[in-house]
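K.L.:
The sequence and its predicted three-dimensional model are supplied below.
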Amino acid sequence: MSAFRRVTTDGPLRLVQVGAGGMGRAWLRTIDADPDVELVGLVDLDLDTARTALIEEGIGGDVVTARTISEVAERTPVDAAVNVTVPVAHLPVNVEALAAGIPVLCEKPAAPSLRDAYRQAAVAAVHGELLMISQSRRYFAALDAAREQLARIGSVSNASTRFFREAHFSGFREQMAHPLLIDMAIHQFDVARVVMGAEPVSVVCDEHNPSWSWFAGAAEAHAVFEFASGGRYVFTGSWVSVGEETSWNGEWWINGAGGTIRWDGADDVRVIPAGARARPERIAVPSGVPEEIAGSLREFVGAVRSGETPESTAASNVHSLAMVESAVQAAETGERVDIDAVRRAALAAAIEYEQDPAVRAALATL
Ligand SMILES: NC(=O)c1ccc[n+]([C@@H]2O[C@H](COP(=O)([O-])OP(=O)(O)OC[C@H]3O[C@@H](n4cnc5c(N)ncnc54)[C@H](O)[C@@H]3O)[C@@H](O)[C@H]2O)c1
């Protein structure tokens, strides 16, 4: 039996998108290009932002613009929602949709805190609706090709990502604390869970901000995670790499008893089997696979139609967010942080904070 309600609409899935800012524009184009979905509503606190986005992206048809999902649902049937608002608005928007019987695909990070990530996962369970977190960097044909090779190298003893970009953003990222860990590294940490085939248990982390950095917070971070399998994952990253750069996925090495898998973060995937260093195998990467948010949308639509649980449910994604919160704590304290303890504390805080007995009961099962 499925863990959530299936949507049985025959034609394209009728979507309402919430948030028409920078990333919202990318989602509008992605939804427009996918024949299995149809945009029926665009919600933003600022109606002009929504209307301008539709015009400038050349999206025609009968798209209702409104300030809330409920206003759209009163005017036209809605099958599902895509939440591309700012992180602090994720929980209220998700809760409104789920309570109205609308499954949601929500942009990362699930919420600004682990406590709220747990709360909305419980709300989804209470309403029997799917809440999936869009971790777009899971969807690369080359990563799929690398994942297919994992069985050949056996249990992963260590995996590492080297992430070096010269990233110039205007706005909040250059002012926030821990910009690399909070705004970027969740992508690599999330993929690390896939590669390691296990959940993280502890982390040590060192952060700093080079003298030439244009960020107020630390633009470089180095973290070592221990996983339940006993394997280690090492992330070293910089957003002020003014010399050489890696891809936005970073460059990956994955080692096990059976050998090494290397991925350059673009389309070069190699397997170097144990004892065959001189004969690395280049792995073919298929073309035409929907990548990034198009891949995430495809998985979400498939899940709500089939009832099959997708990889990044809100309940599963708390492990990725816990890696970020724990790495930040480790960087601030200089101590090794127990990730299970961080998760348990957030869950206890969510239970204490929650007023709704049904949600509180659902939290106790997470
Ligand atoms: N996957 C990726 O690679 C990637 C890249 C960039 C951003 N993101 C994520 O996408 C999300 C949006 O980022 P952005 O850069 O587009 O932000 P943005 O500030 O440009 O746009 C957010 C929009 O949401 C609207 N909004 C805020 N609260 C709302 C609410 N309660 N109801 C309706 N509308 C509301 C704002 O008016 C604004 O138009 C964030 O979670 C961000 O982390 C993901």
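P.N.:
All right, it came through fine.
K.L.:
For the ligand, give me its nearest residue in the stretch 151-300 of the chain.
P.N.:
Residue nearest to the ligand within the stretch 151-300 of the chain: I293 (6.4 Å; Cβ to the nearest ligand atom). For every residue, glycine as well, the C-beta is placed using N, CA and C.
K.L.:
Secondary structure element holding that residue?
P.N.:
helix 292-306 (DSSP states H and E).
K.L.:
Quick one: neighbours of L105, just the number.
P.N.:
28 (other Cβ atoms under 10 Å).
K.L.:
Does it touch H90 like I think?
P.N.:
No. The criterion here is Cβ atoms under 8 Å, and L105 misses it with H90 at 11.4 Å.
K.L.:
so what sits against both of these two?
P.N.:
N83 (Cβ atoms under 8 Å, 6 or more residues apart in numbering).
K.L.:
which SSE is D206 in?
P.N.:
Following DSSP H and E, the helix or strand that holds D206 is strand 200-208.
K.L.:
Pairing partners for that strand, with directions?
P.N.:
strand 220-227 (antiparallel), strand 337-338 (antiparallel) (DSSP bridges).
K.L.:
Pick the most buried one from the ones you listed.
P.N.:
Neighbour counts (mean count of other Cβ atoms under 10 Å) averaged over each of the strands paired with strand 200-208 peak at strand 220-227, with a mean of 22.
K.L.:
Which SSE is immediately downstream of that one?
P.N.:
strand 232-238.
K.L.:
Could you give the average pLDDT over that next one?
P.N.:
With pLDDT averaged residue by residue, strand 232-238 scores 98.
K.L.:
Against which helices or strands is it packed?
P.N.:
When contacts are defined as 3 or more Cβ pairs under 8 Å, 6 or more residues apart in numbering; DSSP states H and E, strand 232-238 sits against strand 156-164, helix 185-196, strand 220-227.
K.L.:
Pull the number of nearby residues for A322.
P.N.:
By other Cβ under 10 Å, neighbour count at A322 equals 23.
K.L.:
chain center to stretch 43-63, what's the gap?
P.N.:
Offset of stretch 43-63 from its chain centre (Cα atoms, centre = their mean, to the nearest Å): 25 Å.
K.L.:
any residue of that stretch up close to the ligand?
P.N.:
Yes. Judged by Cβ under 6 Å from any ligand atom, stretch 43-63 comes into contact with the ligand at 43-46, 49.
K.L.:
Which of these ranks first by neighbour count?
P.N.:
Counting neighbours by other Cβ under 10 Å, V43 comes out on top of those with 28 neighbours.
K.L.:
Contacts only, for it.
P.N.:
Taking Cβ under 8 Å, 6+ apart as the test, what V43 contacts is 16-20, 50, 65-69, 71-72.
K.L.:
nearest to the ligand, of the residues you listed?
P.N.:
Using Cβ to the nearest ligand atom, the contacts of V43 come closest to the ligand at G19, 3.5 Å.
K.L.:
A81 is in contact with that closest one, correct?
P.N.:
No. Using Cβ under 8 Å, G19 makes no contact with A81, being 10.3 Å away.
K.L.:
since we're on S113, how many residues are nearby?
P.N.:
S113, neighbours per other Cβ under 10 Å, totals 18.
K.L.:
With A145 instead?
P.N.:
Quick note: A145 (other Cβ under 10 Å) scores 19 neighbours.
K.L.:
Mind checking what secondary structure it has?
P.N.:
helix (DSSP: H, G, I helix; E, B strand; the rest coil).
K.L.:
Same check on A315?
P.N.:
helix.
K.L.:
Neighbours of it, how many?
P.N.:
Counted with other Cβ under 10 Å, A315 comes out at 21.
K.L.:
repeat for A345
P.N.:
A345: 14 neighbours (other Cβ under 10 Å).
K.L.:
Secondary structure element for it, which one?
P.N.:
Assessed by DSSP H and E, A345 sits inside helix 339-353.
K.L.:
can you check A122 too?
P.N.:
Using DSSP H and E, A122 falls within helix 114-127.
K.L.:
report the angle between the axes of that helix and helix 339-353?
P.N.:
Orientation check (axes from the mean of the first three to the mean of the last three Cα atoms, to 10 degrees): helix 114-127 against helix 339-353 gives 60 degrees.
K.L.:
mind saving the C-alpha coords of helix 114-127 as PDB?
P.N.:
Provided in PDB are the C-alpha atoms of helix 114-127 (Å, rounded to 0.1, in the frame of the first residue of the first chain):
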ATOM      1  CA  LEU A 114      15.500  20.800  11.300                       C
ATOM      2  CA  ARG A 115      12.700  21.300  13.700                       C
ATOM      3  CA  ASP A 116      10.500  22.700  11.000                       C
ATOM      4  CA  ALA A 117      11.600  20.100   8.500                       C
ATOM      5  CA  TYR A 118      10.300  17.500  10.900                       C
ATOM      6  CA  ARG A 119       7.000  19.300  11.500                       C
ATOM      7  CA  GLN A 120       6.100  19.500   7.900                       C
ATOM      8  CA  ALA A 121       7.100  15.900   7.300                       C
ATOM      9  CA  ALA A 122       4.600  15.000  10.100                       C
ATOM     10  CA  VAL A 123       1.900  17.200   8.600                       C
ATOM     11  CA  ALA A 124       2.300  15.400   5.300                       C
ATOM     12  CA  ALA A 125       1.900  12.000   7.100                       C
ATOM     13  CA  VAL A 126      -1.200  13.200   8.900                       C
ATOM     14  CA  HIS A 127      -2.900  14.300   5.600                       C
END
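K.L.:
That one - contacts with which helices or strands?
P.N.:
Using 3+ Cβ pairs under 8 Å, 6+ apart, the elements in contact with helix 114-127 are helix 87-99, strand 131-134, helix 314-333, helix 339-353, helix 357-363.
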